[in-house]
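Chemist: what's the 3D shape of this:
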Amino acid sequence: MSKEDRFPEAEILERLTLLRKKAGLTQKTVEHKLDWRQGTLYDYEKARLKISLEATWSLLKLYGANWQELFPEGQSPAPTDGVGVWMGPMVQLGLVFPAMQDMIQAIRRDPIIAAEIGLEEMTSATPVLQLLLERLTETQRRDYFLELCRYVNSLMTADHRIRIEEKQARDILLAHAPIVLDEREKASLLRAFESRYLGKGLERKFPKEAQKHLLLWILYIMALSDGELNHHEEAYIEAVAENIELKKSSLHFIQGQVLSFHRKDRS
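Modeler: Purely as a prediction, here's the structure:
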């Protein structure tokens, strides 16, 4: 599949135009509300000016539209189809429930992660974890993945019991590790089972906000892999968010998304 096939720019621009008209807004009104120079939106809609991800998000918000509405029918990924393609190794958690699969898909609609990945990559089949790791140096990739695994291991024992679903999910993550672990690193992962892990070296291990967001998403997915989110797991995840200095607004956004999918799953 070519890059053009994965990213139907012409169709997306056409969709943005339709969403604007549906919202009852003129080009001039939009430019005024977004404080853009006159003619900017015209240039975007006519593909005379390459639209940025930031501009796209601004338009969607103004139009009262969501990310999925941006894609022509049939091109936005279905909630449960091709889940393994969209999230990669961690999507093996699709062994769980349909609503959980929806939650995994929602990671691509997280605005911080989407902004880091970029509009074009958003529609590719490359796993989100891989896309974020590719934007790091080799040392940063190693630090981030090891830190991710330590937090996952510690979450598994937060409620003092390890369920088979959690172990399967953790084993899948390790099996697709982008690094080869040495004995010292393996020992450090085991220690995260034995005590409540809250890491150090924040700036080195989480150089970008998108990596913090992905960590929280994965921890919630792990916690819900057995269909339940208990108060021990929730308290630990909130402690992790505070420790990595995740913004309160980001924590509340992710929690809101997770709870909505969890409620859907239980209904």
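
Chemist: any stretches of the stretch 1-150 of the chain with poor pLDDT?
Modeler: 1-8, 52-54, 67-68, 71-102, 122-125 (pLDDT under 70).

Chemist: need the helices for it, in chain order.
Modeler: 3-6, 9-22, 27-33, 40-45, 53-63, 83-87, 98-106, 111-117, 119-122, 128-133, 138-156 (DSSP state H, counting those that start in this stretch).

Chemist: mean neighbour count and distance to P207 added to the ones you listed, as TSV?
Modeler: Heads up, the C-betas are built off the backbone N, CA and C, glycines and all. Shown next, in TSV, are the helices of the stretch 1-150 of the chain (neighbours: other Cβ atoms under 10 Å; distance: least, Cβ to Cβ, whole Å):
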stretch	mean neighbour count	distance to P207
helix 3-6	10	27
helix 9-22	15	30
helix 27-33	15	34
helix 40-45	18	31
helix 53-63	17	19
helix 83-87	19	22
helix 98-106	21	24
helix 111-117	20	11
helix 119-122	18	18
helix 128-133	20	11
helix 138-156	20	6
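
Chemist: of all those, which lies closest to F253?
Modeler: Closest approach to F253 among these (Cβ to Cβ): helix 111-117, 8.3 Å.

Chemist: for the closest one, packing partners?
Modeler: Packing partners of helix 111-117 (3 or more Cβ pairs under 8 Å, 6 or more residues apart in numbering; DSSP states H and E): helix 53-63, helix 128-133, helix 209-223.

Chemist: of all the ones you listed, which lies closest to L198?
Modeler: helix 209-223 (12.4 Å).

Chemist: and the next element down the chain from that closest one?
Modeler: Next along the chain after helix 209-223, taking DSSP states H and E as the criterion, comes helix 231-243.

Chemist: if we can go back for a sec, wait, which of the helices and strands packed on helix 111-117 is closest to E147?
Modeler: helix 209-223 (7.8 Å).

Chemist: now the closest one - C-alpha only, CSV.
Modeler: C-alpha atoms of helix 209-223 as CSV (Å, rounded to 0.1, in the frame of the first residue of the first chain):
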residue,chain,number,x,y,z
GLU,A,209,4.3,14.0,26.8
ALA,A,210,3.0,11.4,24.3
GLN,A,211,5.0,8.7,26.0
LYS,A,212,3.4,9.5,29.4
HIS,A,213,0.0,9.3,27.8
LEU,A,214,0.7,5.9,26.2
LEU,A,215,2.0,4.5,29.5
LEU,A,216,-1.3,5.5,31.2
TRP,A,217,-3.3,4.0,28.4
ILE,A,218,-1.4,0.7,28.6
LEU,A,219,-1.7,0.5,32.3
TYR,A,220,-5.4,1.0,32.2
ILE,A,221,-5.7,-1.7,29.4
MET,A,222,-3.6,-4.0,31.6
ALA,A,223,-5.8,-3.4,34.6
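
Chemist: now do it, average pLDDT.
Modeler: In this model, helix 209-223 has an average pLDDT of 89.

Chemist: tell me the angle of it relative to helix 138-156?
Modeler: Per axes from the mean of the first three to the mean of the last three Cα atoms, to 10 degrees, the angle that helix 209-223 makes with helix 138-156 is 30 degrees.

Chemist: surely I107 meets L215?
Modeler: No. Counting by Cβ atoms under 8 Å, I107 does not reach L215; the two are 11.2 Å apart.

Chemist: end-to-end on stretch 57-69?
Modeler: Distance across stretch 57-69, first residue to last, is 12 Å (Cα to Cα, to the nearest Å).

Chemist: contacts only, for Q255.
Modeler: Counting by Cβ atoms under 8 Å, 6 or more residues apart in numbering, Q255 makes contact with nothing.

Chemist: host element of it?
Modeler: If you go by DSSP H and E, Q255 is part of helix 248-266.

Chemist: related to what we said a few turns ago, what's the closest of the helices of the stretch 1-150 of the chain to S249?
Modeler: Between those, helix 111-117 lies closest to S249; by Cβ to Cβ that is 10.2 Å.
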